[in-house]
Each structure stands twice: as structure tokens, then as C-alpha cells.
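Trainee: sequence plus the predicted model coming up.
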Amino acid sequence: MKIDDVRGLTPDQLSEQLINLKKEQFNLRFQRATGQLEKTHRVDQVRKDIARIKTVLRGKAQA
């Protein structure tokens, strides 16, 4: 997910996206623990997407 895409979303959409990413992160952690994780790079991507969304949400809350 690109930062320009994140900035174009409304706060409600960002919150929904954040919930979905946290669920995915939880599932990826379980897959890694059980040795079933195939796309190891996805863990880092999800973590960075969560950080992007939180950053934009915080900026919109301050504005």
C-alpha cells in the first residue's frame, strides 16, 4: 500500500483497514510459529502498512 493511497482514505476507512491488517498480522504470526508461513516478506509489509495508517490517522486527528 502506497502512502498516497493511504492519505486519500477517510478516517473511517483507515480504521477499518487498520483492523483488517492487524487481523492479518495475527494470522501471519501464527503461521510463522507453526511453520506454515510461505510468504515471509508479507510480515514486514503488513507491519509497515500498519505504521503508515497509524501515522496518517494521527496527522488527521491533529489537523
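Mentor: Perfect, I can see it now. Keep in mind it's a predicted model, so treat the numbers as computed, not measured.

Trainee: ok, which stretches of this structure are strands?
Mentor: For the chain, no strands are identified by DSSP state E.

Trainee: against Arg32, how distant is Leu21?
Mentor: Using Cβ to Cβ, to the nearest Å, we find Leu21 at a distance of 16 Å from Arg32. For glycine as for every other residue, the C-beta is placed from the backbone atoms N, C-alpha and C.

Trainee: who's more crowded, those two?
Mentor: Leu21 (19 against 12; other Cβ atoms under 10 Å).

Trainee: what is the neighbour count of Arg52?
Mentor: Arg52, neighbours per other Cβ under 10 Å, totals 20.

Trainee: how about Thr55?
Mentor: Neighbours of Thr55 using other Cβ under 10 Å come to 13.

Trainee: what sits against Gln25?
Mentor: Gln25 is in contact with 43, 46-47, 50, counting by Cβ atoms under 8 Å, 6 or more residues apart in numbering.

Trainee: how about a cut-off of 10 Å?
Mentor: Residues counted as contacts of Gln25 (Cβ atoms under 10 Å, 6 or more residues apart in numbering) are 42-43, 46-47, 49-50.

Trainee: so which of those wins on neighbours?
Mentor: So for the contacts of Gln25 (other Cβ under 10 Å), the most neighbours sit at Val46, 21 neighbours.
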